[in-house]
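> just to be clear, the model below is a prediction. Sequence and coordinates:
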Amino acid sequence: MAVDTNLITALGAGSGVDIKSLAKGLTDAEIQPRKNAIQAKIDKSEAKISGYSAMMAVLDGFKEKVDAIDSTTDFASTSARISNSSIASVTTSSLAAPATHSLEVHSLARAQRSVSNAGYDNVTANINNGDAFRLTLTVGTGASEVETNIDIAQGSTNPSAIVAAINQSSSGISAQLLDTGVVGSATRYKIVLTGQMGSAKSFTVTTNAANADLTFATPAGQAAADASLTVNGVTVTRSSNTVSDVVTGVTFDLQATNTGSPASVQVTRDASGVKEKISGLVQAYNDMVSDFKILTGPKSEDEEDVFSGALNGDSTARTVLSQIRQIFFGESETKGSAIRSFRDLGISVDREGVLTLDESMLDNAISSNFEQVVQALAQRTTAVENGETVQKRGLGVNLATKLREIMAPSGIILSQSNSAESQVTRYQDQLETLEDRMERILARYTKQFAAMESLVGQITAMRENLKGQFEGLANAYKK
C-alpha cells in the first residue's frame, strides 16, 4: 500500500511537529528489529551455503588421493631396465610382474620397398601414350592374397597422377616420387612403393599398359620381413618391431640386432609411486582437517573472507570428519598379519588430529610386505560369516565408498545445503511480507497524524477566532 506523499508533505501545518519523520520513526521502531533479525538469518544461511560448497571442494581434493589407493591396479606400477638399450626400449603396464627376462634380437621387421625400373624426366608428362590402363597391386600370398585394381584414366597417366592414385587406394601401399637429383636425366624421377611391416605384407605390381614400363624391383635388403627375437630362451617372430604379446605387461620396442650374450631386462615394482600415493594421502588429510577448522572456527575480521566461520556451530563438518576418521584410524577388513591399518604404514596422529608419516617405516612396509600393503588398502573379497556371505573391503575402498556417500546428491552435505537454500527463500518471503506490513503501518500512522493535525488546526483556528472577538470587545469598551 503506497503512502500519500502529498498528504505527508502537507502535515505539520497546524502543530509545528514534523509529522512525516514521526510516522516514519515510529514505523521503523516497530519493524526494523524484526527486519534485522530476518536479514541476520538470511546472512547466516547464505554463509552456510558457501561453507558447504567449500566442504565439497575440500573433500574432492581428499577423494582424489583416496581414489589413488582404492584398487589393486593402483599399486601395479612397474618399471623396466634393459642392460643393452641399443637393441630395444622396454615399457611396462599395470599387468607386468616383477621379474628378470633375457632378450636377443636376431632380425628386425621390415616393410617391402620397391622401385620402378623405368625412370621419368618429367613428373607431369603422360606415359603409355596418355592411354588409360590398370595397375593391380597384390598384397600377400596364397589364401591371404588381396588384390587392389587401380584404374588410371586417360589424360592422367603421368607419374605424379599415378602416385596420387596409389595413395588414394585401399591397398595399404604408399607411393612417392624419388628425385635422383640428376638434372636433365631421362630417368631423374623414380616411383617408390612402400608396403606394410611383416613378411605377410609383401606385394607385387602388374599392369595392362601396352606402351609403358611399369615394372618394379625390390633392392637387396628391402624385402618384407618379420622380426625374430628370443625371449627367455623361446624364439618367436612378429610382423612388427613393437612386441607386446610375449611377456604379459611388457612391451619391447626393437631397434637393432645383438650378437653374443642376451640382454637382461629387469622389471621391478615402482615403490616410489606407492610411497608418493601414501604421502599425498597424508597431506590431503591434513589439509582437510585444517580447512574444516577454518570453516567451523570463529569468523575472520577480514570482510572478504567468506569462508572462515561459515559453519561455526554447525554439526555437519564434525559429522563428516567423524565418519572419515572412524574408517581412517580403524583396522582394514582385509588386513594381513603384518599390515592391519595405516599405523603399520608409519602414519600417526597427534592431539590436534594432524597426521605424521614415518617414511622409513613406510619404506620397510613396502619392501617387506608389499602384498599385504595392497591387500589392506585396496583388496575386495568375500567371506562367509555366520553362514552369510559378506563383502570385505580394504581401507582405501571403504574410504572411497564413504566419500561417495557423503558427497552424493542425497548425501549429508548437499542435503544441508539444499535445506539452507530453502530457508533463505522462506526468510526472503518473510522480508517481503514485513515490507508490506511496514507500508500498512506507515499509512495508518500517517492517517492518524493527519486527523490529529486537522483537529489541532481546528482548535488553533477557534483560538484565533475567540482571541479576535475578545480583542474586538475590549477595543469597543475603550471607546
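Arrived safely, thanks for sending.
> what about the residue nearest to residue 119 when sequence neighbours are not counted, neighbour count?
If the residues on either side of it in the chain are set aside, residue 119 comes closest to residue 187, at 2.4 Å by CB to CB, 6 or more residues apart in numbering. (Glycine included, C-beta is placed from N, CA and C.) The tally of other residues near residue 187 (other CB atoms under 10 Å) stands at 13.
> surely residue 187 and residue 118 touch.
Yes - the criterion here is CB atoms under 8 Å, and residue 187 meets it with residue 118 at 7.3 Å.
> quick one: residues contacting the residue nearest to residue 119.
Contacts for residue 187 (CB atoms under 8 Å, 6 or more residues apart in numbering) come out as 118-121, 180.
> filter the residues you listed to the buried ones?
Neighbour-count burial within the contacts of residue 187 applies to 118-120; the criterion is 16 or more other CB atoms under 10 Å.
> take these and lay them out in TSV including pLDDT and secondary structure.
Output for those, formatted as TSV (pLDDT from 0 to 100; DSSP: H, G, I helix; E, B strand; the rest coil):
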residue	pLDDT	secondary structure
118	92	coil
119	92	coil
120	93	strand
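> can you tell me which of these is closest to residue 148?
Nearest to residue 148 among these: residue 118, at 21.3 Å, using CB to CB.
> quick one: that closest one and residue 182, what's the gap?
Using CB to CB, to the nearest Å, we find residue 118 at a distance of 15 Å from residue 182.
> where exactly do the helices run in the stretch 301-450 of the chain?
Defined through DSSP state H, counting those that start in this stretch, the helices belonging to the stretch 301-450 of the chain, from first to last, are 316-328, 359-378, 395-407, 412-478.
> quick one: list the elements packing against the second one.
When you say that, I think you mean helix 359-378. If you count contacts as 3 or more CB pairs under 8 Å, 6 or more residues apart in numbering; DSSP states H and E, helix 359-378 packs onto helix 271-296, helix 395-407.
> just name the most buried of the ones you listed.
Each of the helices and strands packed on helix 359-378 was scored by mean neighbour count; the highest is helix 395-407, a mean of 20, by mean count of other CB atoms under 10 Å.
> that helix: how far from the chain's middle?
Taking CA atoms, centre = their mean, to the nearest Å, one finds the center of helix 395-407 at 18 Å from the center of the full chain.
> who does that helix touch, helix- and strand-wise?
Taking 3+ CB pairs under 8 Å, 6+ apart as contact, the helices and strands that helix 395-407 lies on are helix 19-67, helix 316-328, helix 359-378, helix 412-478.
> what about it, average pLDDT?
If you average the pLDDT over helix 395-407, you get 96.
> give me the number of residues near residue 392?
Counted with other CB under 10 Å, residues neighbouring residue 392 total 16.
> which ones are touching it?
By CB under 8 Å, 6+ apart, the contact list for residue 392 reads 333-334, 379-383.
> any idea how far it is from residue 49?
Noted for residue 392: a distance of 39 Å to residue 49, by CB to CB.
> need the contact list for residue 64.
Neighbour list for residue 64: residue 284 [criterion: CB under 8 Å, 6+ apart].
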